[in-house]
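J.: mind looking at a prediction? Sequence and model below.
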There are 2 protein chains.
Amino acid sequence: MPPLPPDPSRRNEHSRRAILEASLALVGELGYDNVSIEAIAKRAGCGKQTIYRWWPSKGAVVLEAATQSLNPVVVFPDTGDIVADMREQLIGILDLITTTSFGAAYRGVIAAGQSDPSLIRAVFDQVIEPNIKGFSARADLAKQRGEIRPDADAPTLRDVLYGVIEYRMFHAMPLEPQYIDALLKLAFDGVR
Amino acid sequence: MPPLPPDPSRRNEHSRRAILEASLALVGELGYDNVSIEAIAKRAGCGKQTIYRWWPSKGAVVLEAATQSLNPVVVFPDTGDIVADMREQLIGILDLITTTSFGAAYRGVIAAGQSDPSLIRAVFDQVIEPNIKGFSARADLAKQRGEIRPDADAPTLRDVLYGVIEYRMFHAMPLEPQYIDALLKLAFDGVR
């Protein structure tokens, strides 16, 4: 039997992964604005046209790389205590922002998106919409069990938890685990 | 008596105002990324060097223009009802974002700031710090009168109110007056 030819889907998967890794590493090293598709291709050991075949823009590549490192962190644990569960997830996100290239990548993508509506739409489709679904399912369970009020406004609660973290990240304001506790206390207990 | 020579401080004030107006108008028309210092100078009827004499970068000019239109809106009314007072202010901000060039200018400045730390620091000094002070004074009065709990976390409450509005603006998510009511309800009453 002749040896099998190399599997093209496996070769593609290898290139895809190399491109995503290269883009995240370069953004971490040089900052989003100083990274070009050319530099990503060179670091990944492929041609520019390979990148453009799969992604429409630098923003789209970096977004996919950022999403890939975010996804394992934004799972919704369910121990029956939504505050503790959200604390765990949000501290994981903080950690990702402060100790990996994710923060620089995500900030760069949102910044680029301010003059590229298709990129902001991609962020919504790839990051925000799945998060809305996951959070909504966890909030429904929390309502059934009385962890939160049955009439609690889960979509606005979600906006508050993730929105304030993004806000402090964009403004280079400190992000520490104690801040997550303060945010959860405010969102769950209010100020009156 | 000979006629007085033109007052140079008055001439400066005239140019300054023309530059700020031109930058806000151009950002509204063309988008932040498509506006140059040259174009601002031309529209304002002055030379580029006049702009560079007063501001270090395009971001700094646009920030000052945005701040000037924001300032009269972020006052802190005090009718003795902090929820109603904040509602009035936040709906004013929404209105500014959705019906004037302020939104495009502010989004452009924050986006540019992601690769320009001095610009993000300027946003903190010119927009966020005065807001922290104004909000803190209003929250102190609210605590004294029992509008909010004496141990309420006013700094985090401030982050929530403005942070979520910015978050929805950066992600091109809808911003409507009813949303402000939902946000205030969540921040003041919590979800448990």
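T.: That came through, no problem.
J.: just the helices in chain A please.
T.: All helices of chain A, identified by DSSP state H, fall at A:8-30, A:37-44, A:48-54, A:58-70, A:82-99, A:102-113, A:117-123, A:129-144, A:154-170, A:177-189.
J.: ok, of these, where does mean pLDDT dip lowest?
T.: For the helices of chain A, the weakest mean pLDDT is recorded on helix A:8-30, namely a mean of 93.
J.: tilt between that one and helix A:102-113?
T.: Compare the direction of helix A:8-30 with that of helix A:102-113 by axes from the mean of the first three to the mean of the last three Cα atoms, to 10 degrees and you get 90 degrees.
J.: give the buried residues for helix A:8-30.
T.: A:15-16, A:18-28 (16 or more other Cβ atoms under 10 Å in any protein chain shown). Backbone N, C-alpha and C define where each C-beta goes, glycine included.
J.: thought A:Thr67 was touching A:Gln126?
T.: Yes: applying Cβ atoms under 8 Å, one finds A:Thr67 in contact with A:Gln126, separated by 5.1 Å.
J.: between the two ends of stretch A:54-61, how far is it?
T.: Terminal residues of stretch A:54-61 are spaced 9 Å apart (Cα to Cα, to the nearest Å).
J.: is any part of that stretch close to chain B?
T.: No: Stretch A:54-61 lies out of reach of chain B by Cβ under 8 Å from any Cβ of the partner chain, never closer than 11.9 Å.
J.: would you map out the domains in chain A?
T.: A:8-56, A:66-189 (automatic domain parsing).
J.: how about TSV for those domains, with distance to B:Tyr52 added?
T.: Compiled in TSV, the domains of chain A are given as follows (distance: least, Cβ to Cβ, whole Å):
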stretch	distance to B:Tyr52
domain A:8-56	22
domain A:66-189	24
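J.: so for B:Val73, which of those domains sits nearest?
T.: Minimum separation from B:Val73 across those (Cβ to Cβ) falls at domain A:66-189, 18.4 Å.
J.: gap between the closest one and the chain center?
T.: 9 Å (Cα atoms, centre = their mean, to the nearest Å).
J.: try stretch A:60-74
T.: 5 Å.
J.: same deal with stretch A:34-51?
T.: A distance of 22 Å separates the centroid of the chain from that of stretch A:34-51, by Cα atoms, centre = their mean.
J.: any idea how far apart the tips of it sit?
T.: 17 Å.
J.: list the buried ones in it?
T.: A:35, A:37, A:39-41, A:43-44, A:46, A:50-51.
J.: next: stretch A:116-127.
T.: Across stretch A:116-127, burial judged by 16+ other Cβ under 10 Å covers A:116, A:119-120, A:122-124, A:126-127.
J.: mind checking how far A:Pro77 is from chain B?
T.: 18 Å (Cβ to the nearest Cβ, to the nearest Å).
J.: ok, the residue nearest to that residue when sequence neighbours are not counted - contacts?
T.: Excluding its sequence neighbours, the residue lying closest to A:Pro77 (Cβ to Cβ, 6 or more residues apart in numbering or on different chains) is A:Asp85, at 4.6 Å. Going by Cβ atoms under 8 Å, 6 or more residues apart in numbering or on different chains, A:Asp85 touches A:76-79, A:138.
J.: by neighbour count, which of those residues wins?
T.: A:Arg138 (21 neighbours; other Cβ atoms under 10 Å in any protein chain shown).
J.: hang on, isn't that one packed against A:Asp78?
T.: Yes: the pair A:Arg138 / A:Asp78 is scored as a contact, 6.5 Å apart, by Cβ under 8 Å.
J.: let me know the pLDDT of A:Pro5.
T.: Here the pLDDT value assigned to A:Pro5 is 64.
J.: residue contacts, the residue nearest to A:Ser69 when sequence neighbours are not counted?
T.: Closest residue to A:Ser69 apart from its sequence neighbours, by Cβ to Cβ, 6+ apart: A:Phe102 at 5.1 Å. Shown in contact with A:Phe102 (Cβ under 8 Å, 6+ apart): A:24, A:66, A:69-70, A:96.
J.: hmm, try it at 7 Å
T.: Contacts for A:Phe102 (Cβ atoms under 7 Å, 6 or more residues apart in numbering or on different chains) come out as A:66, A:69-70, A:96.
J.: same thing with A:Ile19?
T.: A:40, A:44, A:46, A:51, A:61.
J.: what does chain A have sitting close to chain B?
T.: For chain A, the contact set with chain B under Cβ under 7 Å from any Cβ of the partner chain comprises A:31-33, A:107-108, A:110-111, A:114-115, A:117, A:120, A:123-124, A:128, A:148-149, A:152-153, A:156-157, A:159-160, A:163-164, A:166-168, A:170-172, A:182-183, A:185-192.
J.: got a PyMOL select line for the buried ones in the residues you listed?
T.: To isolate the buried members of these in PyMOL, using 16+ other Cβ under 10 Å:
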select buried, chain A and resi 32+107+108+110+111+114+115+120+123+124+128+148+152+153+156+157+159+160+163+164+166+167+168+170+171+182+183+185+186+187+188+189+190+191
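J.: picking that back up, could you identify the most distant pair in the contacts of A:Ile19?
T.: Spatially, the most separated pair among those is A:Cys46 and A:Val61, at 11.8 Å (Cβ to Cβ).
J.: would you turn the contacts of A:Phe102 into TSV with neighbour count and distance to A:Lys143?
T.: As requested, the contacts of A:Phe102 are exported to TSV (neighbours: other Cβ atoms under 10 Å in any protein chain shown; distance: Cβ to Cβ, whole Å):
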residue	neighbour count	distance to A:Lys143
A:Ala66	29	31
A:Ser69	17	31
A:Leu70	20	26
A:Leu96	19	28
